[in-house]
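Engineer: need a structure here:
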Amino acid sequence: MSVATPVLFDNHGRPLEYVRLAVTDRCNLRCFYCMPEEGIQYLPKQELLTYEEMERVVAILAGLGVRKVRLTGGEPFVRRDLVPFISRLSQINGIDDISLTTNGVLTAPHIPELARLGIRTVNLSLDTLDRTRFARITRRDELPRVLDTFYALLAAGIKVKINAVVMDGQNIEDLVPLAELTRDLPVDVRFIEEMPFNGGSHGAIQIPWSHLRIREHLEQHLGLLTPIATRPGDTASHYTAAGHQGRLGIIAAYSRTFCGTCNRLRLTAEGGLKTCLYDQGVLDVRALLRGGASDAEVATALASAFRNRAANGFEAERQRPVHQLSFESMSTIGG
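Structural biologist: Now for the predicted structure:
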């Protein structure tokens, strides 16, 4: 049962109540925008946080005011015993919302147990409904299994949010078919600006498909979209299309228009705290846990990091050391 928790604010007055917890850096797909074709150098198992360490950090964060946990990866279901871990997280006082992000390849057999545990929302990464393009983008031929997961989640009464990265020359022809899923199904389909997190080096980049262009493209095919009021902390701008059951969303992940109300933290699989997706990591939580720090000492270190948070993703990016301007794979930082 949830109990009243304090509200923790950062140095810009934003409440911090949501942690994205990467349970692994490993993934069973090789999406080209996330990592190189040969994959990335995975961390040795002993360098990953154990489930027990993650539970401890979540309990400490709950005491500071965090109420929502989203499990990410890599691909969460690549790590063994994930569902029992979710069950234990659900028993932590103060945590009243657990959700997860998955590519859907390994998820379907676990859906009945996820429903039993009260998982209300699953974000499903799906950039195309075309099997050939799916195989080209992910370098794996797994679209049928992902679609099986999609329909099984709906049948189980779990809300599905499809996340599609918009990539020039790769899946533009898929934007409207994906959006059309909302016509007859109660799903959210969210289109995400492409970001420079693929494990390679990047200078300044221009994205051909900004959030403005994505909306314009959708309206050319679906008619005018009606904006829905957003809540503080929302990353997506939400819309409805006439005659559609579900919602459309556009996430300005590279333009970074939502930083002013950002309420989320990230904990990487090796225990690095990121208070912004674009920062280089601001606290080695694993070192504290394994160095004998008490819960109170960990909480103090976390609170100190929260009081020195960048105002937005542009400031966080500017603060990265020059030698760290080669952006990590999204698989390592918790997508």
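Engineer: Could I get the phi/psi values of residue 46?
Structural biologist: phi -70, psi -10 (degrees, to the nearest 10).
Engineer: mind listing the helices in the stretch 201-335 of the chain by residue range?
Structural biologist: 211-222, 285-290, 295-306, 313-318, 330-333 (DSSP state H, counting those that start in this stretch).
Engineer: Pull up the per-residue confidence for residue 318.
Structural biologist: Note for residue 318: predicted pLDDT of 83.
Engineer: number of nearby residues for residue 209?
Structural biologist: Other residues near residue 209 number 21, with proximity taken as other Cβ atoms under 10 Å. The C-beta positions use only the backbone N, C-alpha and C, and glycine is treated the same way.
Engineer: Can you tell me how far it is from residue 170?
Structural biologist: According to Cβ to Cβ, to the nearest Å, residue 209 and residue 170 sit 10 Å apart.
Engineer: same deal with residue 293?
Structural biologist: Taken as Cβ to Cβ, the span from residue 293 to residue 170 is 45 Å.
Engineer: ok, now residue 307?
Structural biologist: 41 Å.
Engineer: what's the answer for residue 286, then?
Structural biologist: 36 Å.
Engineer: Compare the two and say which is more crowded by neighbours.
Structural biologist: Set residue 286 next to residue 170 and count neighbours by other Cβ under 10 Å: residue 286 wins out with 21 against 17.
Engineer: so how many other residues sit close to residue 82?
Structural biologist: 23.
Engineer: residues contacting the closest residue to it other than its chain neighbours?
Structural biologist: What sits nearest to residue 82 in space, not counting adjacent residues and going by Cβ to Cβ, 6 or more residues apart in numbering, is residue 76, at 5.6 Å. The contact partners of residue 76, by Cβ atoms under 8 Å, 6 or more residues apart in numbering, come to 23, 24, 82, 100, 101, 102.
Engineer: Kindly recompute the last result at 10 Å.
Structural biologist: Taking Cβ atoms under 10 Å, 6 or more residues apart in numbering as the criterion, residue 76 is in contact with 21-24, 26-27, 70, 82-83, 85-86, 100-103, 106-107, 110, 334.
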